[in-house]
Every structure is written in C-alpha cells, then in structure tokens.
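Q: I would like the atomic coordinates for the input below:
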Amino acid sequence: MSATYYIGVDGSGPSRAALRWGVRRAAERNAAVVLVNTVDDEWGLVGRDAAADAERQARELLAEESERVAALHTGVTLTTRIVHGGTAWELARLPRPEDLLIVGTHKTGFLRGRVLGSRSVQIASAARCSVAIVPDTTLDSRHDVVVGVDGSDGCVPAVRIGAQEADRLDQDLLLVYAPPGRSDATEDRSPQTARLLFNAAAVASATASRITVRRRVAHRDPAEALLDASFDAALLILGVSARHGENALIGSVTHDVLMNINVPVLIARGTAATSESASLASTVSV
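A: From the prediction side, this is the model:
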C-alpha cells in the first residue's frame, strides 16, 4: 500500500513552506496528499456562532490551499480534512505508520531551549509515522543529505531513507556520528566508531549503489554537530529507536535539533520493514 502525505496547513508562512516541500515530493513519488486543518474545540465553548465561524474559516482555508496545490502540481491526488481538538495530537493520530506527516515550523536559527514548547516537537513525539518538519527559510541551492548515525536500531531506516533521498536528489550522502560524552578535539580512532560508520555506509551503498557516501566523526555536542553539518544541506534525517514500541518519543538530540532547526528535518520511523532491519541493526550497532 502506497504512502499518503498528510500536510498540516494553517495559512502561515511555515505552513506554506511545508506545503511546497510536501507537494513537490508527493508529485515526484506519485503519492496522494491530504491537507489537514484543525479547529480547536474551545470555540464551541465560546458559543455556537463562534464554532460555526471557525468551521467556515477552516473550509475556506483548505479551499485556498487546495488552489495552491493545483497551481504547483496539477497531477497530485488531493483531499482535505478538518479535525477537531489540539493541533499536535490530532495531526499526529491521522497517518498510518507507513505514511508521512509534514508540518512547518517557526523555529529557525539557534534559539536554545529544552522546554517542550514547540508544536513540531510535540508532533514528532506523538506521531507513529515518519515526520518531516520544514522551516520557513530559503531552500534553494542546498545540497547533500545528512543522516545522524548513533548505532541504535532507529538509525538503520534513517540511513536507508537517507540513501534513497540522496539518490533521488542526485546528491552526496553524509553520515555524521558524534560520540556520546566526547566534546574534545581528540580524534576518535576507536575500532567501534570505524566499524559503526563503515557498516552504516554499507547499508547506504546497498540501498542506492550509485551515490557517494561520506563519513564524519564530530567531537562536539551531537545536536550542534548535526546542525552544523546540515547548515547548507537539502535534508537532515534522524532515526527513532523502536526499543520502546512504535510510539517511542524522540530523543534529546532530536529535540534540540528541532528547537534550533535550520534545514528540513525528516524523523524516520521504521514500519513493516523493521523486522527486516533487525539483522542490519545488530550489524550496525556497536
């Protein structure tokens, strides 16, 4: 069954950046698109007229954004949905595990923070499918695909998807590993690190044989290393460990990346292919 692309829309700049990114990708992959707008149920508490007005505004917004999609790519199969409740949780529950959820974010730049205050962080944590978070920033002239490698089971689907994306975009793939607990400039020549990156590169090459795969060990905070490596990248891909089930929350590194986002970030979750990935995970992990 083919994946469906769910795109959260609200008429904002980040929402439209996500719309452009998602529709272009869907057109290239012949994927159906569902535009989703949420209506907060609290409007019903204000009064029946307010709730009806909110519903009307949602319909008008979806009609306007549907016209944008038609102008971007006329061949895309498009439907719309209005859901009621909290935006993050209602968006997260719609897609199937094999689908892709795409949202925009106002977070751009280096605004450090550890509070779970960003809607994109909430969505990425709650979703059971892969999630793309797109900042409202210039995406022209970007190159290469970056994948964060950490040796967990979640990095295997991330590497595979990264290889597929690099192949699709005709770009290099850069694998970045920041050893935990190491922030000094001492070069890491440990056999475990070398084996981790070698095996990850092998997974990438087996997925897309014609791409160029580069490897980097970064001796700094992992989130900062990933943001730095992907500053001019077309896409940054991070995995989510499946050890705690399909609804596992994102880790602290992914959280910090999303709070300081400067590039489209794809949070890759394994689906039906997870059982196939298990043997690769045992090979890649150290």
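Q: looking at this, residue 253 is in a helix?
A: Yes - counting by DSSP: H, G, I helix; E, B strand; the rest coil, residue 253 is found in a helix.
Q: check contacts around the residue lying closest to it once chain neighbours are set aside.
A: In space, and not counting its chain neighbours, residue 253 is closest to residue 222: 4.6 Å by CB to CB, 6 or more residues apart in numbering. Every C-beta, even on glycine, is put in place using the N, C-alpha and C of the backbone. Listed by CB atoms under 8 Å, 6 or more residues apart in numbering, the contact set of residue 222 reads 148, 150, 178, 180, 253.
Q: quick check on residue 222: phi, psi?
A: Per-residue torsions, residue 222: phi -60, psi -40 (degrees, to the nearest 10).
Q: give me the pLDDT for it.
A: On pLDDT, residue 222 comes in at 92.
Q: before we move on, the earlier item: which one (most neighbours) among the contacts of residue 222?
A: Compared across these, residue 148 has the highest neighbour count, 30 neighbours, by other CB atoms under 10 Å.
Q: what bridges to it?
A: Per DSSP bridges, the residues bridged to residue 148 are residue 176.
Q: surely it touches residue 238?
A: Yes - look at residue 148 against residue 238 with CB atoms under 8 Å: they come within range, at 4.9 Å.
Q: shared neighbours of those two, anything?
A: Both residue 148 and residue 238 are contacted by 158, 226, 253, under the criterion CB under 8 Å, 6+ apart.
Q: could I get the residues you listed as TSV with distance to residue 205 and pLDDT?
A: Output for those, formatted as TSV (distance: CB to CB, whole Å; pLDDT from 0 to 100):
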residue	distance to residue 205	pLDDT
158	15	94
226	22	95
253	25	89
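Q: now, among those, which is nearest to residue 269?
A: Nearest to residue 269 among these is residue 158, at 9.2 Å by CB to CB.
Q: what residues of the host helix or strand of the closest one count as buried?
A: Taking DSSP states H and E as the criterion, residue 158 maps to helix 155-169. For helix 155-169, burial by neighbour count (16 or more other CB atoms under 10 Å) applies to 155-167, 169.
Q: ok, residue 173 - contacts?
A: 144-147, 162-163, 166, 204, 208, 211-214.
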